[in-house]
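In: sequence and predicted model, in that order:
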Amino acid sequence: MEDNAGDCGGMTAFALRLAKRLADVGVSSNKNLVFSPASLYAALALVAAGARGTTLDELLALLGAASLDDLEESVRRAVEPKRSRKKINKWVSKATNKLIPEILPDGSVHVDTALVLVNAIYFKGKWSNPFPRSSTTTGKFHRLDGSSVDVPFMSSREDQYIGFHDGFTVLKLPYHHRTMKNHGDGGDTITNSSITRAILEHYGGENVGLSMYIFLPDERDGLPALVDKMAASSSSSSFLRDHRPTRRREVGDLRVPRFKVSFYSQINGVLQGMGVTAAFDAGEADLSGMAEGVDQRGGGLVVEEVFHRAVVEVNEEGTEAAASTACTIRLLSMSYPEDFVADHPFAFFVVEETSGAVLFAGHVLDPTSSSE
């Protein structure tokens, strides 16, 4: 099979740059992080489809696309009809299996609101090799500030995909294989708005193989430096692909904490810090391609607010996650058991294997904390 994992290079680079920006905020406030690059990418691609001039150029640069045609190859021009705040929140709640009951807060939709772009994605995946609940034990998780907290650690004696690199180790946890059109029991489930679905169908076809990758720094306080390394890499668009473990190894001590992380933020400032400024400026925004009768720069539509909310829960059976944006052959060889003990802050990514599309990303600073 031809490897087209580079097709999502723009989204991957976007995911790592955004992870860096959001991680800076999360680390400074000692908060866990989770977000959906796929959901945000899809929502911003919708804005780009209606943007012109400098507004479009800034969005294309952020999304890693050379032209609007590049985006349109992978993203359908799907704009949700204008709805009231309650109707939008009801739709998001249903699309995410009630994990996200609300995306638009009070006051976010008012008489001057011309258009609301909403995107949601829900994922529930079972591990290919679940962790036995009987093997879960309590242990110490070491936080960035040097303190520690008791958390439940999942454990397994199964061989695992583990890769060792300079300064960090990567664990791959595959999910039960699924098909895009299969929403029955026994496999994984992805439901999403048409635009996120278009991205996955374009890059992965009907067969969608998903895995969680845990990037564990060697040093207990090494997560910030690892995130910086990912975002600063000259090959950031292929960083995740280049560091995927490719072989199973015999495991000695494997421990991964159970965790649930939620995140909610208005991310205007983050996007502006990444170079998208014109779309938020009433005097500069050109979204004239978004609707008929809209004036060009300075007299038409402007992006007012971008809200993003995401939730992810990881346990012995698998992962349940949701996000919304408004706006085997075994290699036999002599080897020794390898350890992978995630007892200090780490980064995680839920990735579609064929394309490299990043559905969810985040970091865990404290598995006992789930507040937004």
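Out: Looks like it arrived, so ask away.

In: got any ranges where this structure has weak pLDDT?
Out: Along the chain, the parts satisfying pLDDT under 70 run over 1-9, 26-29, 72-120, 177-208, 234-237, 291-300, 326-336, 371-372.

In: list the helices and strands the lengthiest helix in it packs on?
Out: Taking DSSP state H as the criterion, the chain has its longest helix at helix 9-28. Taking 3 or more CB pairs under 8 Å, 6 or more residues apart in numbering; DSSP states H and E as contact, the helices and strands that helix 9-28 lies on are strand 33-35, helix 37-49, helix 53-63, helix 223-232, helix 239-242, helix 268-273, strand 346-352, strand 358-364. C-beta: built from backbone N, CA, C; applies to glycine.

In: between these, which gets nearest to Lys172?
Out: Of all those, strand 346-352 sits nearest to Lys172, with 9.1 Å by CB to CB.

In: who does that closest one pair up with?
Out: strand 210-217 (antiparallel), strand 358-364 (antiparallel) (DSSP bridges).

In: closest one to Phe340 among those?
Out: strand 210-217 (6.9 Å).

In: the inter-axis angle of the closest one versus helix 223-232?
Out: 120 degrees (axes from the mean of the first three to the mean of the last three CA atoms, to 10 degrees).

In: got the buried residues for strand 210-217?
Out: Leu210, Ser211, Met212, Tyr213, Ile214, Phe215, Leu216, Pro217 (16 or more other CB atoms under 10 Å).

In: next one: stretch 338-349
Out: Buried residues in stretch 338-349, defined by neighbour count with 16+ other CB under 10 Å: Glu338, Phe340, Val341, Ala342, Asp343, His344, Pro345, Phe346, Ala347, Phe348, Phe349.

In: phi, psi for the closest residue to the fourth one other than its chain neighbours please.
Out: Sequence neighbours aside, Val256 is the residue nearest to Ala342 in space, at 4.9 Å (criterion: CB to CB, 6 or more residues apart in numbering). With angles defined as degrees, to the nearest 10, Val256 sits at phi -130, psi 130.

In: equivalent analysis for the one 10 residues further on, please.
Out: Here is the backbone geometry of Gln266 (degrees, to the nearest 10): phi -90, psi 120.

In: does it really touch Val303, like I thought?
Out: No: using CB atoms under 8 Å, Gln266 is not in contact with Val303, being 11.6 Å away.

In: looking at these two, which is more packed in?
Out: Neighbour count, other CB atoms under 10 Å: between Gln266 and Val303, Val303 has more, with 22 against 14.

In: which SS class is that one?
Out: For Val303, the secondary structure call by DSSP: H, G, I helix; E, B strand; the rest coil comes out as coil.

In: my guess is it contacts Asp281, does it?
Out: No: counting by CB under 8 Å, Asp281 is not a contact partner of Val303; they are 9.2 Å apart.

In: end to end on stretch 269-289, go ahead and measure it.
Out: One end of stretch 269-289 to the other measures 24 Å (CA to CA, to the nearest Å).

In: what comes into contact with that stretch?
Out: Here stretch 269-289 makes contact (CB atoms under 8 Å, 6 or more residues apart in numbering) with 17-18, 21-22, 25, 44, 47, 49-56, 58-59, 61-62, 268, 294-298, 300-304, 306.

In: can you list the buried residues in that stretch?
Out: Using 16+ other CB under 10 Å as the test for burial, stretch 269-289 gives 270-271, 274, 276, 278-280, 284-289.

In: and Lys172, how far from Gly275?
Out: Distance, Lys172 to Gly275, using CB to CB, to the nearest Å: 32 Å.

In: how about Gly50, what does it touch?
Out: For Gly50, the contacting residues are Leu287, Ser288, Gly289, Met290, Ala291, Leu301, by CB under 8 Å, 6+ apart.

In: just give the nearest non-adjacent residue to the fourth one, would you?
Out: Computed as CB to CB, 6+ apart, the closest residue to Met290 that is not its neighbour in sequence is Gly50, at 2.8 Å.

In: kindly report the same for the last one.
Out: With CB to CB, 6+ apart as the criterion, Leu301 has its nearest non-adjacent residue at 4.1 Å, and that residue is Leu287.

In: three-state assignment of the one you found?
Out: Judged by three-state DSSP, the three-state class of Leu287 is coil.

In: may I have the phi/psi pair for it?
Out: Per degrees, to the nearest 10, the backbone of Leu287 is at phi -120, psi 40.

In: pull up the gap between it and Ala232, please.
Out: Distance from Leu287 to Ala232, counting by CB to CB: 32 Å.

In: repeat that for Val314.
Out: Relative to Ala232, Val314 is positioned 27 Å away (CB to CB).

In: now do Thr277
Out: Note on Thr277: its distance to Ala232, by CB to CB, is 22 Å.

In: same question, Lys140
Out: When CB to CB is applied, the distance between Lys140 and Ala232 equals 31 Å.

In: how many other residues sit next to Gly146?
Out: Counted with other CB under 10 Å, residues neighbouring Gly146 total 8.

In: quick one: contacts for it?
Out: By CB under 8 Å, 6+ apart, the contact list for Gly146 reads Asp221.

In: thanks a lot, see you next time.
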